[in-house]
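**Student:** mind folding the following:
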Amino acid sequence: MRKSFEEFERLDVKVVVVAPANREQIREFMNVHGPFPFEIYGDPKLDLYEEMGNHHMTTVKSMLSVGADLLKGEVKISDIVPKDKKERKHFLSAVKNQDVNIQGSSWLFDQDEDVLWKHVDDTPEDHATVDEVLKQLRK
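**Tutor:** Next up, the predicted model:
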């Protein structure tokens, strides 16, 4: 999203990110991965996530999904757990302190807050790509 931000600006789109984290967790994320050209808001109680229809995978189902991808060779541990010490520390803290089993979603709203398009993730791999979001914006 950060790499494509200029394209969103050219299309006169405001990007807003909501994370399943509290203010301190977002601050830590920003210290490790920032800066970002858009706002990141926290929803630690997952009120908005649930209101928007996002769902939880069970820990077992999440682990089975990751395990299957590892066994198939589609992903390696190094793809999941960052090598950089600072990033790895943040990753492990997030796994320990946040709801990493909640699935995300991508939404497009018009100026009247009507939904133009949405994609609610079914699994961790089922994210709408930035290209897909841009394609929907151009319609």
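
**Student:** which residues sit against the helix or strand of the chain with the lowest mean pLDDT?
**Tutor:** Within the chain, confidence by mean pLDDT, DSSP states H and E is lowest for helix 77-80 among all helices and strands, at a mean of 76. Helix 77-80 has contacts (C-beta atoms under 8 Å, 6 or more residues apart in numbering) with Val66, Leu70. No exception for glycine: its C-beta is placed from N, CA and C like everyone else's.

**Student:** report the buried residues of the helix or strand following that helix.
**Tutor:** Of the helices and strands lying after helix 77-80 in sequence (DSSP states H and E), the nearest is helix 85-97. The neighbour-count check on helix 85-97 (16 or more other C-beta atoms under 10 Å) flags His90, Phe91, Ala94 as buried.

**Student:** so what's the first one up against?
**Tutor:** For His90, the contact set (C-beta under 8 Å, 6+ apart) comprises Glu28, Phe29, Val32, His33, Pro82.

**Student:** list phi and psi for the residue nearest the centre of the chain.
**Tutor:** Centroid check for the chain by C-alpha atoms, centre = their mean gives Gly104 as the closest residue, at 5.8 Å. Backbone geometry at Gly104, expressed as degrees, to the nearest 10, gives phi -90, psi -170.

**Student:** find the nearest non-adjacent residue to it, please.
**Tutor:** Distance criterion C-beta to C-beta, 6 or more residues apart in numbering; nearest residue to Gly104, sequence neighbours excluded, is Asp121 at 5.1 Å.
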